[in-house]
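Trainee: Structure of the sequence below:
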Amino acid sequence: MSQDVSNSIQTQLVRSFGGAETIAAQYPQYAAGITAAAKASFLAGDQWAYLAGIAAVLLGAVLVFFFFPKHAAEEAMLARFQAEDALSSELPPASPQTAVSGFAPSPSNPGRPSPP
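Mentor: From the prediction side, this is the model:
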């Protein structure tokens, strides 16, 4: 039977189960074998998909366990962020010209900015 199946038919069988059903309709004498092979291929493929999904979940769990901060470290990091925010809010606000140009007006010439 496999000698009678051309390379183009084999390629179409690999592509999809629907393609296998189309080929089986074109070659009714081989329909049972073509459909059985397509089903077996599909079921083998779903096992690989399940395995890949399980591997991805396990890899994600390992990454989270080792690279995300532990609870105490996260609390310390949040406290540090809050302290930094509190310090930056105590600084005087920048003038509109400083905020736009990055330069403060020169005291000797108020219209001309001086470099920082």
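
Trainee: Can you give me the buried ones in the top helix by length along the chain?
Mentor: Secondary structure assigned by DSSP state H gives helix 31-67 as the longest helix of the chain. By neighbour count on 16 or more other C-beta atoms under 10 Å, the buried set for helix 31-67 is 34, 37-38. All C-beta spots, glycine's among them, are computed from the backbone N, C-alpha and C.

Trainee: Which secondary structure elements does it sit against?
Mentor: For helix 31-67, the packing partners by 3 or more C-beta pairs under 8 Å, 6 or more residues apart in numbering; DSSP states H and E come out as helix 7-15, helix 17-26.

Trainee: Of these, which shows the lowest average pLDDT?
Mentor: Comparing mean pLDDT across those, the weakest is helix 7-15, with a mean of 65.

Trainee: before we move on, back to that, next, the angle helix 17-26 makes with the longest helix of the chain.
Mentor: If you take axes from the mean of the first three to the mean of the last three C-alpha atoms, to 10 degrees, helix 31-67 sits at 170 degrees to helix 17-26.

Trainee: Tell me the helix or strand right after helix 31-67.
Mentor: helix 71-90 (DSSP states H and E).

Trainee: May I see the buried residues of that next one?
Mentor: Under 16+ other C-beta under 10 Å, helix 71-90 has no buried positions.

Trainee: Now do that helix, average pLDDT.
Mentor: 85.

Trainee: Begin at 394, not 1, for the rest of this chat.
Mentor: Okay, using 394 as the starting number, the last item reads as helix 464-483.

Trainee: Using PDB, write out every CA atom in that helix.
Mentor: Extracted C-alpha coordinates of helix 464-483, given in PDB (Å, rounded to 0.1, in the frame of the first residue of the first chain):
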ATOM      1  CA  HIS A 464       8.300  38.100  50.300                       C
ATOM      2  CA  ALA A 465      10.700  39.700  52.800                       C
ATOM      3  CA  ALA A 466      12.900  41.000  50.000                       C
ATOM      4  CA  GLU A 467       9.900  42.300  48.100                       C
ATOM      5  CA  GLU A 468       8.700  44.200  51.200                       C
ATOM      6  CA  ALA A 469      12.200  45.700  51.700                       C
ATOM      7  CA  MET A 470      12.300  46.700  48.000                       C
ATOM      8  CA  LEU A 471       8.800  48.400  48.300                       C
ATOM      9  CA  ALA A 472       9.900  50.200  51.400                       C
ATOM     10  CA  ARG A 473      13.100  51.500  49.600                       C
ATOM     11  CA  PHE A 474      10.900  52.700  46.600                       C
ATOM     12  CA  GLN A 475       8.600  54.500  49.000                       C
ATOM     13  CA  ALA A 476      11.600  56.200  50.700                       C
ATOM     14  CA  GLU A 477      13.000  57.300  47.400                       C
ATOM     15  CA  ASP A 478       9.600  58.700  46.300                       C
ATOM     16  CA  ALA A 479       9.400  60.600  49.600                       C
ATOM     17  CA  LEU A 480      12.800  62.100  49.000                       C
ATOM     18  CA  SER A 481      12.000  63.200  45.500                       C
ATOM     19  CA  SER A 482       8.700  64.800  46.600                       C
ATOM     20  CA  GLU A 483      10.700  66.900  49.200                       C
END
